[in-house]
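Asker: structure, please.
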Amino acid sequence: MAAKYDLTPRIAPHLDRHLVFPLLEFLQERELYAEGDILKAKIELLNHTNMVDYAMDIHKSLYRSDDVPQDMVERRAEVVGRLKSLEDGAAPLVTFLQNPNAVQELRSDKQYNLQMLNDRFQIGPEQIEALYQYAKFQFECGNYSGAADYLYQYRALCTNSERSLSALWGKLAAEILMQNWDIALEELNRLKEIIDSKNFSSPMNQVQCRIWLMHWSLFIFFNNDNGRTQIIDLFNQDKYLNAIQTNAPHLLRYLATAFIVNKRRRPQFKEFIKVIQQEQYSYEDPITEFLACIYVNYDFDGAQKKMRECEEVILNDPFLGKRVEEGNFSSVPLRDEFLENARLFIFETYCRIHQRIDMGVLAEKLNLSYEEAERWIVNLIRTSKLEAKIDSETGTIIMEPNHTNVYEQLVDHTKAFSLRTYKLVTQLLEHAQPQTAR
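Answerer: The predicted structure is shown next:
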């Protein structure tokens, strides 16, 4: 079952090939596939990079031999020669950038910088282009730190918007691979701003960039303290949610998980359930199906079964299954948060449609023993807005009626109407801007 719900084959095509390596490492550690298959997949990826030494090491592990194919040896010599050539081409600009006194003369005006570099240091467009090619080659060799530095410096001098955008994608990938999550988040936000404001030659190109951005963002959001909120802020925007529904419905797993573990985003949750309802026949995933069972079909037995599957999915997902080591103890924090909140979702919904609930039945639906369920429910009633009491003699929970008054319903509908009006006006204005530009 674990391999059945592995999203790596769907996610990998939307990533830079270097970003696929951490996913393969995770799958190898979890033993979801035969180790030989994982090693072959790594070699296949490495064949399209300049990480020849790494490819040689994996080849030795796969075939249990110290011998490597002659084409790998020749490829390594070719890479070393090309690296030296690119280093020589970028040397004048690299030397300038390593001189703190010289760098201080750079200004925010790119045209001034280009003129100054040309007049005083004989550094022109050829050397600036050489720096980009050198940085790109460093990235392909696996030197992510050097690549990130050179790409940052290149963007400060580049006047070509397309090439500057390409450099920003490269720097984002490098920061992710070095696990510099705070810097990566800054680059992600910078990239999002460019994608949303840039005039693309085709709307589909813009949609594709948004899909790439969301896939790359998974590395950052699930390694950031506030990531569960940030993923909702990004994925739940109309333009991005439309892209998910059209081209990448598998990303609903991560948005659904963020909603489940993030209690502060409940106002947007109702709208998200409508998306789950729309997509339940076109995309199957235990986590989205769990929400459909509770909020669409009111199938609590189905939700109980899905909750067990969700636990397995989380443990075997490279983004959700992040492990935390404390001494000899290892845990998956997201799994514990998910299960706690999943039980809460079942309990809240079940209580709203029943006036008297048998404690034993509820314990079964929550995958808890009777005693665990009783303690959990007592604590929940103390802290929840639900009005209920426990009848210990009959072993039942008695719910107090809690009807929303007409005034509150009117306020809710007015807020929803206002939000829809705002979205409609925004879409009309965005549609009008390109026409004005023409």
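
Asker: what distance do you get for the nearest residue to residue 139 once chain neighbours are set aside to residue 20?
Answerer: Counting by CB to CB, 6 or more residues apart in numbering, residue 139 lies nearest to residue 147, which is 3.7 Å off, once chain neighbours are set aside. For every residue, glycine as well, the C-beta is placed using N, CA and C. Using CB to CB, to the nearest Å, we find residue 147 at a distance of 17 Å from residue 20.

Asker: about what we covered before: show me what counts as buried in the helix or strand containing the residue nearest to residue 139.
Answerer: In this assignment (DSSP states H and E), residue 147 forms part of helix 144-157. For helix 144-157, the neighbour count (16 or more other CB atoms under 10 Å) marks 144, 146-155, 157 as buried.

Asker: and the next helix or strand past that helix?
Answerer: Next along the chain from helix 144-157, counting by DSSP H and E, comes helix 161-177.

Asker: OK, contacts around the spatially most central residue of the chain?
Answerer: Central residue of the chain (CA atoms, centre = their mean): residue 218, 1.3 Å from the mean position. When contacts are counted by CB atoms under 8 Å, 6 or more residues apart in numbering, residue 218 touches 11, 231, 254, 319.

Asker: the same query, at a cut-off of 10 Å, please.
Answerer: By CB atoms under 10 Å, 6 or more residues apart in numbering, the contact list for residue 218 reads 7, 11, 14-15, 19, 23, 176, 227, 231, 235, 251, 254, 317-320.

Asker: again, but for residue 157
Answerer: For residue 157, the contacting residues are 93, 97, 106, 110, 113-114, 117, 123, 125, 127-128, 131-132, 164, by CB under 10 Å, 6+ apart.

Asker: for residue 80, same thing?
Answerer: Counting by CB under 10 Å, 6+ apart, residue 80 makes contact with 50, 52, 141.

Asker: want to throw those residues into JSON lines with distance to residue 40, pLDDT and secondary structure?
Answerer: Shown next, in JSON lines, are these (distance: CB to CB, whole Å; pLDDT from 0 to 100; DSSP: H, G, I helix; E, B strand; the rest coil):
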{"residue": "50", "distance to residue 40": "20", "pLDDT": "95", "secondary structure": "coil"}
{"residue": "52", "distance to residue 40": "17", "pLDDT": "94", "secondary structure": "helix"}
{"residue": "141", "distance to residue 40": "22", "pLDDT": "96", "secondary structure": "coil"}
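
Asker: wait, which of these is closest to residue 344?
Answerer: Distances from residue 344 to these, taken as CB to CB, are shortest for residue 141 (48.8 Å).

Asker: the helices in the stretch 51-200 of the chain, which residues?
Answerer: For the stretch 51-200 of the chain, the helices defined by DSSP state H, counting those that start in this stretch occupy 52-63, 70-97, 100-103, 110-121, 125-140, 144-157, 161-177, 181-197.

Asker: for the helix or strand where residue 341 lies, name the packing helices and strands.
Answerer: Applying DSSP H and E as the criterion places residue 341 in helix 333-352. Packed against helix 333-352 by the contact rule (3 or more CB pairs under 10 Å, 6 or more residues apart in numbering; DSSP states H and E) you find helix 252-261, helix 286-295, helix 300-315, strand 356-358, helix 359-365, helix 370-383, strand 396-399.

Asker: what do you get if the cut-off is 8 Å, keeping everything else the same?
Answerer: Using 3 or more CB pairs under 8 Å, 6 or more residues apart in numbering; DSSP states H and E, the elements in contact with helix 333-352 are helix 252-261, helix 286-295, helix 300-315, helix 359-365, helix 370-383, strand 396-399.

Asker: ok so, going back, got a ChimeraX select line for the buried ones in the contacts of residue 80?
Answerer: Here is the ChimeraX command that selects the buried residues among these (16+ other CB under 10 Å):
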select :50,52,141
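
Asker: which among the contacts of residue 80 gets closest to residue 247?
Answerer: Nearest to residue 247 among these, with distances taken as CB to CB, is residue 50, at 30.5 Å.

Asker: got phi/psi on that closest one?
Answerer: Dihedral pair for residue 50: phi -110, psi 20, per degrees, to the nearest 10.

Asker: quick one: buried residues of the helix holding residue 341?
Answerer: Residues 334-335, 337-339, 341-347, 349-351 are the ones in helix 333-352 that count as buried (16+ other CB under 10 Å).

Asker: next one: stretch 380-398
Answerer: Of the residues in stretch 380-398, those buried by neighbour count under the rule 16+ other CB under 10 Å are 380-381, 386, 388, 390, 396-397.

Asker: out of those residues, flag the one nearest to residue 203.
Answerer: Nearest to residue 203, judged by CB to CB, of the buried residues of stretch 380-398 is residue 386 at 46.0 Å.

Asker: tell me the confidence at the closest one?
Answerer: pLDDT for residue 386: 59.

Asker: so who does the closest residue to residue 300 other than its chain neighbours touch?
Answerer: Excluding its sequence neighbours, the residue lying closest to residue 300 (CB to CB, 6+ apart) is residue 365, at 5.1 Å. The contact partners of residue 365, taken as CB under 8 Å, 6+ apart, are 300-301, 303-304, 346, 350.

Asker: now distance to residue 87 and pLDDT too, for those residues, in JSON lines please.
Answerer: Shown next, in JSON lines, are the contacts of residue 365 (distance: CB to CB, whole Å; pLDDT from 0 to 100):
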{"residue": "300", "distance to residue 87": "64", "pLDDT": "90"}
{"residue": "301", "distance to residue 87": "65", "pLDDT": "90"}
{"residue": "303", "distance to residue 87": "59", "pLDDT": "94"}
{"residue": "304", "distance to residue 87": "61", "pLDDT": "91"}
{"residue": "346", "distance to residue 87": "60", "pLDDT": "89"}
{"residue": "350", "distance to residue 87": "66", "pLDDT": "84"}
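
Asker: can you list these in JSON lines and add distance to residue 28?
Answerer: Formatted as JSON lines, the contacts of residue 365 follow (distance: CB to CB, whole Å):
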{"residue": "300", "distance to residue 28": "37"}
{"residue": "301", "distance to residue 28": "36"}
{"residue": "303", "distance to residue 28": "33"}
{"residue": "304", "distance to residue 28": "32"}
{"residue": "346", "distance to residue 28": "35"}
{"residue": "350", "distance to residue 28": "40"}
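
Asker: from those, which is closest to residue 272?
Answerer: Among the contacts of residue 365, and counting by CB to CB, the member closest to residue 272 is residue 303, at 16.6 Å.

Asker: how close does the closest one get to residue 388?
Answerer: Relative to residue 388, residue 303 is positioned 20 Å away (CB to CB).

Asker: next one: residue 33
Answerer: To residue 388, residue 33 is 47 Å away according to CB to CB.

Asker: before we move on, back to that, just the buried residues out of the contacts of residue 218, in ChimeraX syntax.
Answerer: A single ChimeraX command selects the buried members of those (16+ other CB under 10 Å):
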select :7,11,14,15,19,23,176,227,231,235,251,254,317,318,319,320
